[in-house]
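> The sequence and its predicted three-dimensional model are supplied below.
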2 protein chains.
Amino acid sequence: MSDEISGRGDPLKSLQLLWGRTEAPKRGPKAKASVAELVSAAVTIADAEGLEAVSTRRVAEAVGISPMSFYTHIPSKAELLDLMMDVVSGEILKDRPVFKPANWRANLTRVATDYRDFYLAHPWVIPLATHRTVLGPNTFRSADIALSAIEGLGLTDLEMDRVITLVLDYVHGAVRNAAREKMVKDLTGMTDEEWWYRVAPFLETVDFTPYPVLSRVGKTAGETYGAHDPRGAFAFGLERVLDGLAVFIDGKAPGKKRR
Amino acid sequence: MSDEISGRGDPLKSLQLLWGRTEAPKRGPKAKASVAELVSAAVTIADAEGLEAVSTRRVAEAVGISPMSFYTHIPSKAELLDLMMDVVSGEILKDRPVFKPANWRANLTRVATDYRDFYLAHPWVIPLATHRTVLGPNTFRSADIALSAIEGLGLTDLEMDRVITLVLDYVHGAVRNAAREKMVKDLTGMTDEEWWYRVAPFLETVDFTPYPVLSRVGKTAGETYGAHDPRGAFAFGLERVLDGLAVFIDGKAPGKKRR
DNA sequence: GGATAACTATTTACAGCGTACGGGGTTGTT
DNA sequence: AACAACCCCGTACGCTGTAAATAGTTATCC
């Protein structure tokens, strides 16, 4: 199903689990498994085999309980997904870098590459995230650090929001494909090279005259990088984005007075 | 399943269907349904109810054949997804605008907004697309037009590829959330306002002192736009990206000689 | 100390998914 | 008339999330 997104469960249940606000049970037998164990097992499965391999049965089995016992700990799979998202978000900007306003460009580069590495490490978060952010401690922490990369530049709060949104949107857009490379290879059983090898003979029978620019540019690009070059594209795009932000930031910075 | 991506089927089968290279059958009864009808029905379902509502059974039923007859026309669901992607790609930059090199900024704005509208109209393509582009006529056509928006600027083929990649990556990143707003609302049964209403009381019990910047910026942004403002964020980000590209393009354009 | 409430764990069951398999009906060619 | 090519379909399997009912364990109350 493509309806696997975060925030699909009961918002309050998710919040309570995210912030550890479930009160300790007074009676009843000791639990064989904890929520943290379940979430951790689910993340392990998702990292190794992709989100589609994460089923409540698999997760329950991984921690040694029967399929339906999963629901003793977590109300439904939807809440599990929220918890998975927040727990891996703890890896972003883990060591809380010291950001100096004068170095905003380096600061944002650090933020961008950290988020990129995060997506590459956990590509399954990409389709899961929506505009309703998971409201968990780790997600908050990484967002706070990202924003602090552009503190003290004379930007208004709204401008800071816009700038970080731009950078993270770009990172997401640029990385989504590279992050899913392994997944694509696993699901198709082909490397990119094998895929091209299979596809190339047919493409030679296609009339490319209606696509002159694509035909020329695509050929050059293909000959240079092979099929694609995500690292190079990311670096190029990020520099352009930062150049654009420089125009914006310098246009209001030290020289000019804020109004 | 989150393993719903394009390019998962037999590449050759997909290509033959994409380019209409299946030879007409010489014998046998007339088909009750055509591939085009099946694809069109699937797109209708996906547009209305999301990708998760597209099942081979549903699509077959929609064109009036039994569930398993689907496979007479299309080898598997994977090929259906490829065909769906390409057919809707025909809507992008449909009228092939006239691009003048001097207006590259307006040209790219047109490309960006057209792709944005495309994602908004068919949000289900977002998780489907991978780095292995669907090699269909409509996909080629839109890519060709997009590239022609920056022809004649003195950019190398490789630079053109990089620039278009940047713009389309940004559009994808910026639009993904807005595009799925309706889906999120349908799946959760809540509007964003209802969601905030359910979530706010809990957030007031959370200690925000570890997230001072997020707390301040988030509060200001929330008070100004409500939860979020995708249109404004898109416009802001696109201008910054174009500013960055202006630095790059003007840095090598008319005045300077190309080496 | 026995009843009861709170809690965990489990079994069974159901609808929906993609699709393998095998059979039946229809059409054109030999 | 026979056959091959082709379309259509019924049955079945293993997978999914989870509702419902039940059994077992622990702490509290009378």
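Yes, it's here.
> in chain A, what residue is nearest DNA strand D?
A:Ser55 (3.0 Å; CB to the nearest atom of the strand). (Glycine included, C-beta is placed from N, CA and C.)
> Okay, buried residues for stretch A:138-158 please.
Along stretch A:138-158, these residues count as buried under the neighbour rule (16 or more other CB atoms under 10 Å in any protein chain shown): A:138-151, A:153, A:155, A:157-158.
> Quick check: what element follows the worst-scoring helix or strand of chain A on mean pLDDT along the chain?
Across the helices and strands of chain A, the lowest-confidence element by mean pLDDT, DSSP states H and E is helix A:212-225, at a mean of 86. Next helix or strand after helix A:212-225 toward the C-terminus (DSSP states H and E): helix A:230-250.
> where does the stretch 101-250 of chain A dip in pLDDT?
Low-confidence segments of the stretch 101-250 of chain A (pLDDT under 70): A:224-225, A:227.
> Helices along that one, start to end?
Under the criterion DSSP state H, counting those that start in this stretch, the stretch 101-250 of chain A contains helices at A:104-121, A:125-128, A:137-148, A:157-179, A:181-188, A:192-203, A:212-225, A:230-250.
> Could you dump those helices into JSON lines and include distance to A:Leu18?
Below are these laid out as JSON lines (distance: least, CB to CB, whole Å):
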{"stretch": "helix A:104-121", "distance to A:Leu18": "18"}
{"stretch": "helix A:125-128", "distance to A:Leu18": "15"}
{"stretch": "helix A:137-148", "distance to A:Leu18": "7"}
{"stretch": "helix A:157-179", "distance to A:Leu18": "21"}
{"stretch": "helix A:181-188", "distance to A:Leu18": "26"}
{"stretch": "helix A:192-203", "distance to A:Leu18": "38"}
{"stretch": "helix A:212-225", "distance to A:Leu18": "41"}
{"stretch": "helix A:230-250", "distance to A:Leu18": "31"}
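> Tell me which of those helices sits nearest to DNA strand C.
helix A:181-188 (11.3 Å).
> buried residues in the closest one?
Neighbour-count burial for helix A:181-188 [16+ other CB under 10 Å]: A:181, A:183-184, A:187-188.
> do that helix and DNA strand C meet at all?
No: contact of helix A:181-188 with DNA strand C (CB under 7 Å from any atom of the strand) is absent, the minimum separation being 11.3 Å.
> which strands and helices sit next to that helix?
helix A:192-203 (3 or more CB pairs under 8 Å, 6 or more residues apart in numbering or on different chains; DSSP states H and E).
> Now do the helix it packs on: everything it contacts.
By CB atoms under 8 Å, 6 or more residues apart in numbering or on different chains, the surrounding residues in contact with helix A:192-203 are A:181, A:185, A:188, A:190, A:226-228, B:7, B:11-12, B:15-16, B:131-132, B:135.
> Any idea how far that helix is from the middle of the chain?
Using CA atoms, centre = their mean, to the nearest Å, the mean C-alpha position of helix A:192-203 is found 30 Å from that of the whole chain.
> now do stretch A:231-239
That offset, for stretch A:231-239, works out to 17 Å (CA atoms, centre = their mean).
> neighbours around A:Arg57, how many?
12 (other CB atoms under 10 Å in any protein chain shown).
> Now do the buried residues in the helix or strand hosting it.
Secondary structure assignment for A:Arg57, by DSSP H and E: helix A:56-63. Neighbour counts using 16+ other CB under 10 Å place A:56, A:59-60, A:62-63 of helix A:56-63 among the buried residues.
> that older thread, out of the helices of the stretch 101-250 of chain A, nearest to B:Glu23?
Of all the helices of the stretch 101-250 of chain A, it is helix A:192-203 that lies closest to B:Glu23, at 14.8 Å by CB to CB.
> For the closest residue to A:Val206 other than its chain neighbours, give me its contacts.
For A:Val206, ignoring the flanking residues on the chain, the nearest one in space by CB to CB, 6 or more residues apart in numbering or on different chains is B:Trp19 at 6.7 Å. Residues in contact with B:Trp19, defined by CB under 8 Å, 6+ apart, are A:206, B:136-137.
> Compile those into TSV and extend it with columns for neighbour count and distance to DNA strand C.
Formatted as TSV, the contacts of B:Trp19 follow (neighbours: other CB atoms under 10 Å in any protein chain shown; distance: CB to the nearest atom of the strand, whole Å):
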residue	neighbour count	distance to DNA strand C
A:Val206	17	26
B:Gly136	20	19
B:Pro137	18	24
